[in-house]
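A.B. asks: With the input below, show me the fold.
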Amino acid sequence: MTHADAPAPPPPPRSTLVVTAHAGDFVWRAGGAIALASSRGEKVTIACLTFGERGESARAWREGRTLEEIKAIRREEAERAAAILGAEVRFFDAGDYPLVASAELTDRLVAVHRETQPDVVLTHPVEDPYNGDHPAANRMALEARVLAQAIGYPGPGEIIGAPPVFYFEPHQPEMSGFRPEVLLDTVQSSAYTTSYDLFVKVSQRAAIRPVSSRICSVGRAPSTFCWNSALASTSAARKLTWSRRRTPTPRPGLACGWFFSAGFSSSGAS
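C.D. replies: As a prediction, the model looks like this:
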(Lines give C-alpha, C1' and ligand atoms only; values in the text may rest on other atoms or scores of the structure.)
Protein backbone atom coordinates (compact mmCIF):
# COMPACT_ATOMS: atom_id res chain seq x y z
CA MET A 1 0.00 0.00 0.00
CA THR A 2 1.39 3.39 -1.00
CA HIS A 3 1.05 6.55 0.99
CA ALA A 4 -1.51 7.71 -1.55
CA ASP A 5 -3.64 4.63 -0.88
CA ALA A 6 -3.37 4.82 2.90
CA PRO A 7 -6.65 5.72 4.62
CA ALA A 8 -6.92 9.21 5.96
CA PRO A 9 -6.46 9.48 9.72
CA PRO A 10 -9.73 9.78 11.62
CA PRO A 11 -10.74 13.31 12.56
CA PRO A 12 -10.19 14.32 16.19
CA PRO A 13 -13.22 13.90 18.45
CA ARG A 14 -15.49 16.85 18.88
CA SER A 15 -14.61 19.02 21.85
CA THR A 16 -16.85 20.74 24.38
CA LEU A 17 -15.53 23.33 26.83
CA VAL A 18 -17.61 24.11 29.92
CA VAL A 19 -16.66 27.26 31.86
CA THR A 20 -18.22 27.35 35.33
CA ALA A 21 -17.84 29.68 38.28
CA HIS A 22 -18.01 27.06 41.05
CA ALA A 23 -17.28 23.39 41.54
CA GLY A 24 -20.96 22.46 41.76
CA ASP A 25 -22.17 24.43 38.76
CA PHE A 26 -21.30 22.03 35.97
CA VAL A 27 -23.25 19.20 37.63
CA TRP A 28 -26.25 21.32 38.55
CA ARG A 29 -26.41 23.30 35.30
CA ALA A 30 -25.03 21.09 32.52
CA GLY A 31 -24.56 17.54 33.81
CA GLY A 32 -26.79 15.97 31.18
CA ALA A 33 -25.12 17.88 28.35
CA ILE A 34 -21.73 16.68 29.53
CA ALA A 35 -22.90 13.07 29.88
CA LEU A 36 -24.45 13.14 26.42
CA ALA A 37 -21.33 14.55 24.78
CA SER A 38 -19.03 12.06 26.47
CA SER A 39 -21.35 9.17 25.59
CA ARG A 40 -20.87 10.14 21.93
CA GLY A 41 -17.12 9.89 22.29
CA GLU A 42 -16.61 13.65 22.43
CA LYS A 43 -13.98 15.23 24.64
CA VAL A 44 -15.41 17.40 27.42
CA THR A 45 -13.22 19.75 29.43
CA ILE A 46 -14.56 21.64 32.45
CA ALA A 47 -12.81 24.89 33.38
CA CYS A 48 -13.83 25.30 37.03
CA LEU A 49 -12.84 28.82 38.05
CA THR A 50 -13.36 28.38 41.81
CA PHE A 51 -14.16 25.67 44.32
CA GLY A 52 -17.14 27.62 45.67
CA GLU A 53 -15.29 27.52 48.97
CA ARG A 54 -16.61 30.76 50.47
CA GLY A 55 -20.11 31.19 49.15
CA GLU A 56 -21.33 27.65 48.46
CA SER A 57 -19.92 25.54 51.29
CA ALA A 58 -21.94 26.68 54.29
CA ARG A 59 -22.17 23.25 55.90
CA ALA A 60 -18.41 22.77 55.89
CA TRP A 61 -17.89 26.18 57.49
CA ARG A 62 -20.41 25.37 60.21
CA GLU A 63 -18.54 22.12 60.87
CA GLY A 64 -15.42 24.17 61.62
CA ARG A 65 -13.47 23.25 58.49
CA THR A 66 -10.58 25.43 57.36
CA LEU A 67 -10.47 27.12 53.98
CA GLU A 68 -7.96 24.61 52.61
CA GLU A 69 -9.99 21.68 53.93
CA ILE A 70 -13.08 23.01 52.21
CA LYS A 71 -11.24 23.42 48.93
CA ALA A 72 -10.02 19.84 49.18
CA ILE A 73 -13.56 18.59 49.82
CA ARG A 74 -14.99 20.49 46.86
CA ARG A 75 -12.14 19.36 44.62
CA GLU A 76 -12.76 15.71 45.44
CA GLU A 77 -16.51 16.06 44.90
CA ALA A 78 -16.01 17.74 41.54
CA GLU A 79 -13.43 15.22 40.37
CA ARG A 80 -15.73 12.33 41.23
CA ALA A 81 -18.68 13.96 39.47
CA ALA A 82 -16.63 14.76 36.36
CA ALA A 83 -15.34 11.19 36.21
CA ILE A 84 -18.88 9.80 36.35
CA LEU A 85 -19.95 12.16 33.57
CA GLY A 86 -16.92 11.28 31.46
CA ALA A 87 -15.24 14.68 31.55
CA GLU A 88 -11.93 16.19 32.60
CA VAL A 89 -12.11 19.00 35.15
CA ARG A 90 -9.43 21.64 35.60
CA PHE A 91 -9.37 23.88 38.66
CA PHE A 92 -8.30 27.51 38.48
CA ASP A 93 -8.67 28.29 42.20
CA ALA A 94 -9.43 31.95 41.43
CA GLY A 95 -11.39 32.57 44.64
CA ASP A 96 -15.15 33.03 44.87
CA TYR A 97 -17.49 35.56 46.49
CA PRO A 98 -16.37 37.58 44.71
CA LEU A 99 -14.87 36.05 41.56
CA VAL A 100 -12.61 38.78 40.19
CA ALA A 101 -11.11 38.89 36.71
CA SER A 102 -7.35 39.23 36.34
CA ALA A 103 -4.84 39.21 33.49
CA GLU A 104 -3.44 35.90 34.73
CA LEU A 105 -6.87 34.27 34.82
CA THR A 106 -7.62 35.53 31.31
CA ASP A 107 -4.34 34.09 30.02
CA ARG A 108 -5.14 30.71 31.56
CA LEU A 109 -8.61 30.65 30.04
CA VAL A 110 -7.25 31.59 26.63
CA ALA A 111 -4.71 28.76 26.92
CA VAL A 112 -7.48 26.25 27.72
CA HIS A 113 -9.49 27.40 24.70
CA ARG A 114 -6.49 27.01 22.42
CA GLU A 115 -5.51 23.65 23.87
CA THR A 116 -8.98 22.09 23.71
CA GLN A 117 -10.05 23.71 20.40
CA PRO A 118 -13.73 23.56 21.40
CA ASP A 119 -16.52 22.99 18.93
CA VAL A 120 -18.98 24.22 21.57
CA VAL A 121 -18.60 26.39 24.68
CA LEU A 122 -21.08 26.19 27.56
CA THR A 123 -21.15 28.81 30.31
CA HIS A 124 -23.36 30.91 32.59
CA PRO A 125 -25.82 33.46 31.21
CA VAL A 126 -25.15 37.19 31.28
CA GLU A 127 -27.58 37.90 34.13
CA ASP A 128 -27.93 36.37 37.57
CA PRO A 129 -29.04 38.82 40.27
CA TYR A 130 -28.53 36.22 43.01
CA ASN A 131 -24.91 35.30 42.31
CA GLY A 132 -22.43 37.80 40.91
CA ASP A 133 -19.84 35.10 40.28
CA HIS A 134 -21.95 33.63 37.49
CA PRO A 135 -22.06 36.77 35.28
CA ALA A 136 -18.36 37.26 36.06
CA ALA A 137 -17.61 33.78 34.74
CA ASN A 138 -19.70 34.57 31.66
CA ARG A 139 -17.70 37.71 30.89
CA MET A 140 -14.40 35.89 31.35
CA ALA A 141 -15.46 32.99 29.15
CA LEU A 142 -16.63 35.24 26.32
CA GLU A 143 -13.53 37.43 26.49
CA ALA A 144 -11.21 34.42 26.49
CA ARG A 145 -13.04 32.94 23.51
CA VAL A 146 -12.46 36.13 21.49
CA LEU A 147 -8.84 36.55 22.56
CA ALA A 148 -8.09 32.90 21.76
CA GLN A 149 -9.00 33.70 18.14
CA ALA A 150 -6.51 36.59 17.89
CA ILE A 151 -3.28 35.46 16.29
CA GLY A 152 -1.39 38.31 17.94
CA TYR A 153 -2.51 37.46 21.47
CA PRO A 154 0.50 35.95 23.26
CA GLY A 155 0.38 32.44 24.61
CA PRO A 156 0.82 28.81 23.67
CA GLY A 157 -1.31 26.86 21.24
CA GLU A 158 -3.00 27.42 17.90
CA ILE A 159 -5.71 30.00 17.57
CA ILE A 160 -9.30 28.74 17.62
CA GLY A 161 -12.18 29.34 15.24
CA ALA A 162 -15.43 30.83 16.52
CA PRO A 163 -17.15 28.06 18.48
CA PRO A 164 -20.82 28.67 19.25
CA VAL A 165 -21.61 29.55 22.85
CA PHE A 166 -24.59 28.26 24.81
CA TYR A 167 -25.71 29.61 28.18
CA PHE A 168 -26.99 27.00 30.61
CA GLU A 169 -30.04 27.54 32.77
CA PRO A 170 -29.60 29.69 35.90
CA HIS A 171 -31.20 28.76 39.20
CA GLN A 172 -33.84 31.50 38.82
CA PRO A 173 -34.42 31.68 35.05
CA GLU A 174 -37.40 33.99 35.31
CA MET A 175 -35.28 36.51 37.27
CA SER A 176 -32.24 36.26 34.99
CA GLY A 177 -33.66 37.11 31.59
CA PHE A 178 -33.32 33.49 30.52
CA ARG A 179 -35.67 32.97 27.55
CA PRO A 180 -34.99 29.73 25.65
CA GLU A 181 -36.87 29.22 22.41
CA VAL A 182 -36.51 25.52 21.58
CA LEU A 183 -36.61 22.54 23.91
CA LEU A 184 -34.95 19.36 22.62
CA ASP A 185 -35.59 15.99 24.20
CA THR A 186 -32.19 14.51 23.49
CA VAL A 187 -31.40 11.17 25.09
CA GLN A 188 -32.72 7.95 26.54
CA SER A 189 -30.22 5.44 27.92
CA SER A 190 -29.94 2.54 30.31
CA ALA A 191 -28.08 4.73 32.80
CA TYR A 192 -30.57 7.61 32.79
CA THR A 193 -34.29 8.03 32.39
CA THR A 194 -34.92 11.23 30.42
CA SER A 195 -32.51 14.12 29.94
CA TYR A 196 -33.16 17.83 30.09
CA ASP A 197 -30.96 20.93 30.41
CA LEU A 198 -31.84 24.38 29.12
CA PHE A 199 -29.34 26.39 27.08
CA VAL A 200 -29.64 29.74 25.36
CA LYS A 201 -27.78 29.95 22.07
CA VAL A 202 -25.78 33.16 21.83
CA SER A 203 -23.72 32.74 18.66
CA GLN A 204 -24.79 32.57 15.05
CA ARG A 205 -23.83 28.99 14.17
CA ALA A 206 -25.53 25.98 15.76
CA ALA A 207 -23.30 23.00 16.40
CA ILE A 208 -25.11 20.89 19.00
CA ARG A 209 -27.03 18.10 17.33
CA PRO A 210 -30.26 16.70 18.83
CA VAL A 211 -30.61 12.95 19.15
CA SER A 212 -34.40 12.97 19.08
CA SER A 213 -36.73 14.81 16.75
CA ARG A 214 -39.18 15.70 19.50
CA ILE A 215 -39.13 19.47 19.87
CA CYS A 216 -41.21 21.72 22.11
CA SER A 217 -41.31 25.52 22.19
CA VAL A 218 -40.90 26.96 25.68
CA GLY A 219 -40.71 30.68 25.07
CA ARG A 220 -39.46 33.28 22.64
CA ALA A 221 -36.48 35.59 22.43
CA PRO A 222 -34.80 37.02 19.32
CA SER A 223 -31.95 34.83 18.02
CA THR A 224 -31.82 32.59 21.06
CA PHE A 225 -32.20 28.84 21.25
CA CYS A 226 -31.89 26.25 23.96
CA TRP A 227 -30.52 22.76 23.89
CA ASN A 228 -31.95 20.50 26.54
CA SER A 229 -30.11 17.45 27.83
CA ALA A 230 -29.77 17.29 31.59
CA LEU A 231 -31.01 14.46 33.74
CA ALA A 232 -34.58 14.20 34.98
CA SER A 233 -36.42 11.70 37.10
CA THR A 234 -39.10 9.55 35.50
CA SER A 235 -41.86 11.47 37.26
CA ALA A 236 -40.36 14.77 36.12
CA ALA A 237 -40.22 13.48 32.57
CA ARG A 238 -43.91 12.55 32.71
CA LYS A 239 -44.71 15.98 34.10
CA LEU A 240 -42.82 17.64 31.24
CA THR A 241 -44.63 15.50 28.65
CA TRP A 242 -47.98 16.41 30.22
CA SER A 243 -47.08 20.09 30.16
CA ARG A 244 -46.28 19.89 26.49
CA ARG A 245 -49.77 18.60 25.78
CA ARG A 246 -51.72 20.87 28.09
CA THR A 247 -49.72 24.12 28.17
CA PRO A 248 -49.03 26.00 24.91
CA THR A 249 -46.08 27.90 26.41
CA PRO A 250 -44.51 26.06 29.37
CA ARG A 251 -42.42 28.17 31.72
CA PRO A 252 -38.72 28.30 30.92
CA GLY A 253 -37.05 26.35 33.66
CA LEU A 254 -39.65 23.59 33.68
CA ALA A 255 -36.86 21.02 33.74
CA CYS A 256 -34.75 22.61 36.44
CA GLY A 257 -31.33 21.45 37.53
CA TRP A 258 -32.56 19.77 40.64
CA PHE A 259 -34.35 17.13 38.62
CA PHE A 260 -30.79 16.17 37.75
CA SER A 261 -30.05 14.97 41.26
CA ALA A 262 -33.21 12.88 41.27
CA GLY A 263 -32.41 11.16 37.99
CA PHE A 264 -28.65 10.84 38.09
CA SER A 265 -27.10 7.40 38.39
CA SER A 266 -23.51 6.75 39.46
CA SER A 267 -23.33 3.93 36.94
CA GLY A 268 -22.14 6.45 34.37
CA ALA A 269 -23.22 7.33 30.85
CA SER A 270 -23.72 4.63 28.28
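A.B. asks: what about the helices in this structure?
C.D. replies: 25-39, 58-62, 67-85, 103-116, 133-147, 234-246, 258-263 (DSSP state H).
A.B. asks: okay if I get these as JSON lines plus distance to Tyr97, mean neighbour count and mean pLDDT?
C.D. replies: Backbone N, C-alpha and C define where each C-beta goes, glycine included. Formatted as JSON lines, those follow (distance: least, CB to CB, whole Å; neighbours: other CB atoms under 10 Å; pLDDT from 0 to 100):
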{"stretch": "helix 25-39", "distance to Tyr97": "14", "mean neighbour count": "27", "mean pLDDT": "87"}
{"stretch": "helix 58-62", "distance to Tyr97": "11", "mean neighbour count": "11", "mean pLDDT": "96"}
{"stretch": "helix 67-85", "distance to Tyr97": "12", "mean neighbour count": "17", "mean pLDDT": "97"}
{"stretch": "helix 103-116", "distance to Tyr97": "16", "mean neighbour count": "18", "mean pLDDT": "98"}
{"stretch": "helix 133-147", "distance to Tyr97": "7", "mean neighbour count": "21", "mean pLDDT": "98"}
{"stretch": "helix 234-246", "distance to Tyr97": "31", "mean neighbour count": "14", "mean pLDDT": "29"}
{"stretch": "helix 258-263", "distance to Tyr97": "22", "mean neighbour count": "18", "mean pLDDT": "27"}
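A.B. asks: Which among those is found nearest to Val19?
C.D. replies: helix 133-147 (3.9 Å; CB to CB).
A.B. asks: And the closest one, what does it pack against?
C.D. replies: When contacts are defined as 3 or more CB pairs under 8 Å, 6 or more residues apart in numbering; DSSP states H and E, helix 133-147 packs onto strand 15-20, helix 103-116, strand 120-123, strand 165-168.
A.B. asks: go again using 10 Å as the cut-off
C.D. replies: Applying 3 or more CB pairs under 10 Å, 6 or more residues apart in numbering; DSSP states H and E, we find helix 133-147 packed against strand 15-20, helix 25-39, strand 43-48, helix 103-116, strand 120-123, strand 165-168.
A.B. asks: Which of those sits closest to Glu158?
C.D. replies: helix 103-116 (6.1 Å).
A.B. asks: contacts for that closest one?
C.D. replies: Contacts of helix 103-116 with the rest of the structure, by CB atoms under 10 Å, 6 or more residues apart in numbering, involve 15-17, 19, 43-47, 49, 88, 90, 92, 94-95, 99, 101-102, 118, 121, 137, 140-141, 143-150, 153-160, 163.
A.B. asks: Can you tell me which of the residues you listed are buried?
C.D. replies: Buried members of the contacts of helix 103-116, counted by 16 or more other CB atoms under 10 Å: 15-17, 19, 43-47, 49, 92, 94-95, 99, 118, 121, 137, 140-141, 144-145, 147-149, 155, 159-160, 163.
A.B. asks: Lovely, talk soon.
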